[in-house]
Structure formats: C-alpha cells, structure tokens
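Chemist: Kindly return the folded structure for what I paste below:
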Amino acid sequence: MKKIIYILLVVSLAIEGHSQTKKIEKGDKKYADLAYVDAIATYEKVANKGYKSVDLFQKLGNSYFFNAKLKEANKWYTELFALNEKVDPEYYYRYSITLKAVENYAKANEYLDKFHQMAAADIRGNQYSNEKNYLDIIAKNSGRYEIKATGINSRMSDYGTSFYGDKILFSTSRDTIGFAKVKTKWTNHSFTNLYVASRNEEGELSHPEKFSKTINSKFNEDTPVFTKDLKTVYFTRNNFNKRKTGTDENSVILLKLYKATLADGKWIDIKELPFNSDNYSVAHPALSPDEKTLYFASNMPGTKGQSDLFKVAILENDTYGVPQNLTGTINTEARETFPFITKDNELYFATDGHQGLGGLDIFVTKLDENGMPGQILNIGAPVNGNLDDFAFIIDNTTKKGYFSSNRENGKGFDDIYFFEEKKPLSFEIKQELEGQITDMETKEILSNAPVTLFDANFNETGKAVSDKDGGYHFDVTGGKKYYVRAEKENYNTKEAPVEIPNVTGKTNLPIALEKKIKEVTVGSDLAKTFDIKIIYFDLDKAVIRKDAAVDLAKIVEVMKENPTMKIDVRSHTDSRQTNEYNQKLSDKRAKATIDWMVKNGISSDRITGKGYGESQLINRCADGVDCSEEEHQLNRRSEFIITAM
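Modeler: Residues are numbered from 1 along each chain as shown. Take a look at the predicted model:
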C-alpha cells in the first residue's frame, strides 16, 4: 500500500486537461488606403468561397492561433487536416490544443498521439523530457549515492522524514498493529502519526516514539518542516482542527497545512493556514533557507495536473501572500509533490510527470533569486528505481539524508532509506541566445519588437524587446530546445524553433518578419505579394488546375476590392523545349489565366497579358547550360504586374 497521506491527496485531485494558450495582443488593421493589401483578410475571403490548399489553411490557422483565437484556428486547422496531405508535426500539436478549446478531447488525444509518433523527442506529446535519450542522461547522473534501509522501518508504512535538530521526524501507520485502533477505510491501516527518532553520526535511526499529543490527531499527519530555532512547525493534516472535521462537496476529508509553536516544551496554538480550502488539498510544506517563503503541493485552482508545486510569501503578524504556481517546466499534467529545499536553495521533489525509471522519481532544480526553478534533473539510481521514490531530504554540509520508497525487498509498505552522496550533481551549461529582428522584404531593422522565449513545452521563460539595432538576447540552457516568438505592429507574428548546443557559447537566431499589410503601387507584382511563384498547369496543357485556382482567387479578390486596379498577366517558361514551343505554350497559359479571371468577375478591360516563353530568363539557365531542377524552376514563373491604381 502506498503512502496514506499521498494517496488521499492524489485521490482528491481532479484530472484536468491542460492546453497552452497564446496571449498576444495585436490590433486588427484594415486598409490604410487603396495602396495596401491585407493579406490575411484576402486569404479568408478566398477560403470562404471554397478554395483549398495546405498553404492557405496553415496561414489562416496560424493567424488565429498566434492571436489566442483557438476556436477560430480550430476551424482552419480542421480544414487543413481534411486535405489529408503531409504537414509539419507542429501542426498536429497546435491542432490538439484547438481541439481542446472546442472540448473534443478524444480527438485531441488522437492528435497528441500522432504528434508523439512524429516527434518522439518532444516532451509535449506525453510529458517526455527535453531529451529523448533521457535514460542515458539518468545513467550519467546515477551511482552518486550509497543507500541502506534504516532500522526503524515497520511492517506498515514509514515515510516522509524531516530534520529536527539531531533527530528525525517521520510519518508512520505502525499504530495499525494492535487492538481497536482507528483506521482509514481507504487502506484499513491506522491514520498516520508523527514519530521522532534518534540518529547517530552514521545516519542510523533508533528509538522511535510518538512526537506530540497535541499535533498528532485521530486523522493523518505527515511531512513537517521546522524553523531553524525549532520553535515553529508547519505540517500536513487532514481537514481536522479543534475537534471539528471539514469536508468538500463530495464529503471527502481533504488535506490542509497547519502551523504550531513551541512553548514550555509543548506544541500549542495549532492553526490552519489561510490559503487552505475545503474544496482542494494543500500538503507537504518546505521552507526556503531564509524562512520567508513556504513551498507546498496542491491541486488548488491554477494547477496544471493532479498536483503542482506552489510557493507563498510568509509575511508579518501571521499573514501570507498569494500562493504562486511555480513557473517553467517543473509542473506537468501529472503529479509534482513532496518538495524539500536545501540551505543552498536546491529544490528536490517527486514526480511522475517527468521521465524517470518508474513510478515517482526524485528530481532536483536550483531556485533563482525569485524562488523559481531552473533546469530540472533526475538524480538517478540507486535512489530512483522502478517503483515510487519520494520525500527526499539532504543535509548539504554532511551530504547525508533520507528518502522514502516502496521498492521491492523492503520491510513495510513504504520504508525509509538512509543515503550518503558521494559525488555532486552537475547542473546546466549556460548559453546565450541572440539574434536580430528585421523586415523580410526590405531587410530593415525592426526595433521595439516584443520577443518571447518559450521552452520545449511552450512554457514562457523570458521576454525582451529588440533594441535600436533590432537585437534581442536571452540566457538559455545548453542541450535544450526553445521557441522564439517575435511580433511587431503591422507584421505577422513569427515563431522559430532553436536547438541550443550542449556547450558553453552563443547561439544566433535571426528572425525576419513579413508585413501583414503590404504596400503595392503601380509596377508592383501581386505574385510576390502573395508568394505565388507560378500558376501551375498540367504538362503541356493550358487548363487552370484546382491548386492554381486558389492563387488566382487571391488576385481576383484584391482586384474586386480595388476597382480601379489594372494588371498585366505575364507567363514565363524555362529554356527547355524550343523557343517556338515555349512561346506558344506561355501565350496559351497567359490567355487561360486571363479567361479564368474574367469568368470569375473581373472585367476584361482591366486585364492584359501575354506569354514571354523563355525570353526573360532570370539566371544563367539558357539553352545548352547544365542546370538543376531548382534553377530551372526560378524561370518558370507567373507575374501579375499592376499597371494602374
């Protein structure tokens, strides 16, 4: 049987789906005048008329996705996947998020599974770690501890040690053994009580006895933490105080945090902390080195998964701040619990949301100056094994400590193990990520552009604004994947992935933004505006294909919105085949293009055009020159030149 308090906490937690949301403020821009084209508005009008393409639906889906309009993005991503064509794995992940927004969780899970299959190294698929070779990483961290079982373990559950001067406190259900004991229906064991044990220099524990009649109650107590002067204790107990029991709306007795003070050798003034609730659990306290911050596990509102780690400021006059969910990658959709903080500001905790060896594994992270976690590392075997390992505490001076486990060959349901750390854990390699934000077309430097850094799980980890030279800078961790998002008024938001090398140094990631509202004048080529490289026809034919119709519809919509605009359609070929053949074919294709546009509502007196065959090559690929297919492709192009506005 697992830990009594731990089980009650987990059972009381609601499992909720979590989806990432995008919080980007962008104003909707209309045409400044007839010389501007709103590309996104045009795309949507084209799509609403029934035209379909991967490129069209990706751009529409992304335009809403990056603006936190997930239901609207779902519409266009649904259209994207209905095409049943190959798309980047990232779109599977984005689609899963938007499916959650419309409460289609079964299909969201289906696409997360597909995303995981296509991008197995990405932790977002199923709480995978940042590295797909996590077993190798754990192996590298292993072998640093010598462990042995302590002499105080019973046939029941013993777990959750705490330092108490030269003694150790722990939780136990050993009082089950005996006659007429009060038991919990969940395990048929007695509720856990706090016991105190003596310890010697070798870490051996002995002479266990009940800790305090005033703190121990008829329900569960566990995981206390003491102030350095040993006069204040925070501890976990079921919702029971002053002989009164509290329950949630389902009549479940949840967990709360309590505080007591020592006076004349007795623990008195037991009171619950003000951020407790009858409707969620709060448990497993830990104190920061300066004793100004309390860390704990909870499933309170704002929790990502079954339980998250939180922190709260300890203020004067027995008051507290507002609990904060720990940021970064520490909290997952699964369980994070049993925090412990060393004098060196290292946070140890147990979780099954990060990749480990099985069940709950123990992880460690260094807290920054704001008390928030950094890189998260599995501390390795033999402390971690294939079952549950948790409640890790260590004295950083002696490098000795204790943890709890239900591993095989133990004495009871959970046992307490002593360890000595023989080698310290190596933490992250620091890297610098920098780049420049520019205009995609003009290469102009874009200053004052907001830049946001996300980790591999799309948790926001940093914000910056490009400087006068368009530059941005972030401190990052080597060996990890990040996403950088740049935005600027009148530009489409762009998101770029980057893999940071696992060595000390700098990584450069320039980002070029495309204007959302593009200026066009007489002489402008609408094909370049909408990235139309060529209007495709079947081999040796001049019949408009369906995929070509999507691009032509964009030109038609622009001309309808600009009734005085006139264009010249120009069709070009590469140098293969004869000059005469290419000239005739390009003429036919230019005419077919014009005929299609007239048929779809554009007056014939607004369109001119002809074919140029191979007479206007834009590179070296003339007759007789050996060129690649890519080089020939550059010459096979369509142009829509504005001749009047």
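Chemist: Could you chop this structure up by domain?
Modeler: By the assignment in automatic domain parsing, the chain contains the domains 25-118, 135-421, 430-513, 520-644.
Chemist: distance between the ends of the third one?
Modeler: With C-alpha to C-alpha, to the nearest Å as the measure, the ends of domain 430-513 fall 28 Å from one another.
Chemist: Do a quick rundown of the helices in the protein.
Modeler: Applying DSSP state H to the chain gives helices spanning 4-12, 39-48, 54-65, 70-82, 89-101, 105-118, 134-141, 526-529, 546-561, 579-599, 629-635.
Chemist: Of all the ones you listed, which one is nearest Thr319?
Modeler: Of all the helices of the chain, it is helix 4-12 that lies closest to Thr319, at 25.4 Å by C-beta to C-beta. For every residue, glycine as well, the C-beta is placed using N, CA and C.
Chemist: Now that closest one: average pLDDT?
Modeler: For helix 4-12, mean pLDDT rounds to 35.
Chemist: one step back: could I get the helices of the chain in JSON lines, plus columns for distance to Leu273?
Modeler: Listed next are the helices of the chain as JSON lines, based on distance: least, C-beta to C-beta, whole Å:
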{"stretch": "helix 4-12", "distance to Leu273": "16"}
{"stretch": "helix 39-48", "distance to Leu273": "50"}
{"stretch": "helix 54-65", "distance to Leu273": "40"}
{"stretch": "helix 70-82", "distance to Leu273": "36"}
{"stretch": "helix 89-101", "distance to Leu273": "33"}
{"stretch": "helix 105-118", "distance to Leu273": "34"}
{"stretch": "helix 134-141", "distance to Leu273": "35"}
{"stretch": "helix 526-529", "distance to Leu273": "61"}
{"stretch": "helix 546-561", "distance to Leu273": "60"}
{"stretch": "helix 579-599", "distance to Leu273": "71"}
{"stretch": "helix 629-635", "distance to Leu273": "66"}
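Chemist: sorry, back to before: adding mean pLDDT and mean neighbour count, write the domains of the chain out as JSON lines.
Modeler: Converted to JSON lines, these look like this (pLDDT from 0 to 100; neighbours: other C-beta atoms under 10 Å):
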{"stretch": "domain 25-118", "mean pLDDT": "73", "mean neighbour count": "17"}
{"stretch": "domain 135-421", "mean pLDDT": "87", "mean neighbour count": "19"}
{"stretch": "domain 430-513", "mean pLDDT": "91", "mean neighbour count": "17"}
{"stretch": "domain 520-644", "mean pLDDT": "86", "mean neighbour count": "17"}
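Chemist: circling back to that earlier point, relative to Tyr280, which of the helices of the chain is closest?
Modeler: Nearest of these (C-beta to C-beta): helix 4-12, 7.5 Å.
Chemist: before we move on, back to that, closest to Tyr258 out of the helices of the chain?
Modeler: Among these, the nearest to Tyr258 by C-beta to C-beta is helix 4-12 (12.9 Å).
Chemist: For Phe338, see how far away the residue lying closest to Phe418 once chain neighbours are set aside is.
Modeler: Spatial nearest neighbour of Phe418, chain neighbours left out: Gly203 (4.3 Å); criterion: C-beta to C-beta, 6 or more residues apart in numbering. To Phe338, Gly203 is 20 Å away according to C-beta to C-beta, to the nearest Å.
Chemist: cool, and Lys210?
Modeler: 22 Å.
Chemist: Ok, Phe235 next?
Modeler: 13 Å.
Chemist: And Ala350, by the same measure?
Modeler: As judged by C-beta to C-beta, Ala350 and Phe338 stand 5 Å apart.
Chemist: now swap in Ala82 and tell me
Modeler: The value you get for Ala82 to Phe338, if C-beta to C-beta is used, is 46 Å.
Chemist: So Leu326 is in contact with Asp368, correct?
Modeler: No - at 11.0 Å, Leu326 does not count as touching Asp368 under the criterion of C-beta atoms under 8 Å.
Chemist: List the contacts of the nearest residue to Gln583 once chain neighbours are set aside.
Modeler: Leaving out its chain neighbours, the residue that sits closest to Gln583 by C-beta to C-beta, 6+ apart is Gly613, at 3.7 Å. Shown in contact with Gly613 (C-beta atoms under 8 Å, 6 or more residues apart in numbering): 572-573, 579, 582-587.
Chemist: Distance check, Gly613 against Asn635.
Modeler: 10 Å.
Chemist: Look up the residues that both of those two are in contact with.
Modeler: Contact criterion C-beta under 8 Å, 6+ apart; residues shared by Gly613 and Asn635: 572-573.
Chemist: And the closest residue in space to Leu60 that isn't next to it in sequence, how close does it get to Tyr64?
Modeler: Sequence neighbours aside, Trp76 is the residue nearest to Leu60 in space, at 4.1 Å (criterion: C-beta to C-beta, 6+ apart). Noted for Trp76: a distance of 7 Å to Tyr64, by C-beta to C-beta.
Chemist: now do Cys627
Modeler: Counting by C-beta to C-beta - Cys627 and Tyr64 are separated by 41 Å.
Chemist: Would you list the phi and psi of the nearest residue to Pro450 once chain neighbours are set aside?
Modeler: If the residues on either side of it in the chain are set aside, Pro450 comes closest to Glu487, at 5.4 Å by C-beta to C-beta, 6+ apart. Main-chain dihedrals, Glu487, degrees, to the nearest 10: phi -140, psi 160.
Chemist: could you measure Glu487 against Ile511, distance?
Modeler: 10 Å.
Chemist: Kindly report the same for Tyr402.
Modeler: 49 Å.
Chemist: what sits against Tyr111?
Modeler: By C-beta under 8 Å, 6+ apart, the neighbours of Tyr111 are 92-93, 95-96, 99.
Chemist: got it, and Asp229?
Modeler: Counting by C-beta under 8 Å, 6+ apart, Asp229 makes contact with nothing.
Chemist: can you check Leu56 too?
Modeler: By C-beta under 8 Å, 6+ apart, the neighbours of Leu56 are 43, 46-47, 550.
Chemist: Quick check: the residue most central in space within the chain vs Tyr482, distance?
Modeler: The centroid of the chain falls nearest to Asn457 when counting by C-alpha atoms, centre = their mean (2.4 Å). Distance of Asn457 to Tyr482, computed by C-beta to C-beta: 10 Å.
Chemist: next one: Tyr145
Modeler: Between Tyr145 and Tyr482 the distance is 32 Å, computed by C-beta to C-beta.
Chemist: cool, Val102 as well?
Modeler: According to C-beta to C-beta, Val102 and Tyr482 sit 29 Å apart.
Chemist: can you check Tyr92 too?
Modeler: Here Tyr92 is placed at a distance of 20 Å from Tyr482 (C-beta to C-beta).
Chemist: what do you get for Ser157?
Modeler: Counting by C-beta to C-beta - Ser157 and Tyr482 are separated by 42 Å.
Chemist: just Ser628 next, same as before
Modeler: Ser628 sits 34 Å away from Tyr482, taking C-beta to C-beta as the criterion.
Chemist: next one: Gly401
Modeler: Counting by C-beta to C-beta, the separation of Gly401 from Tyr482 is 34 Å.
Chemist: do the same with Ser575
Modeler: Distance of Ser575 to Tyr482, computed by C-beta to C-beta: 45 Å.
Chemist: Ok, Glu499 next?
Modeler: 8 Å.
Chemist: do Glu489 as well
Modeler: 24 Å.
Chemist: can you check Tyr43 too?
Modeler: From Tyr43 over to Tyr482 (counting by C-beta to C-beta), the distance is 29 Å.
Chemist: again with Gly609
Modeler: 47 Å.
Chemist: And for His632?
Modeler: 38 Å.
Chemist: swap in Asp414?
Modeler: In terms of C-beta to C-beta, Asp414 sits 39 Å off from Tyr482.
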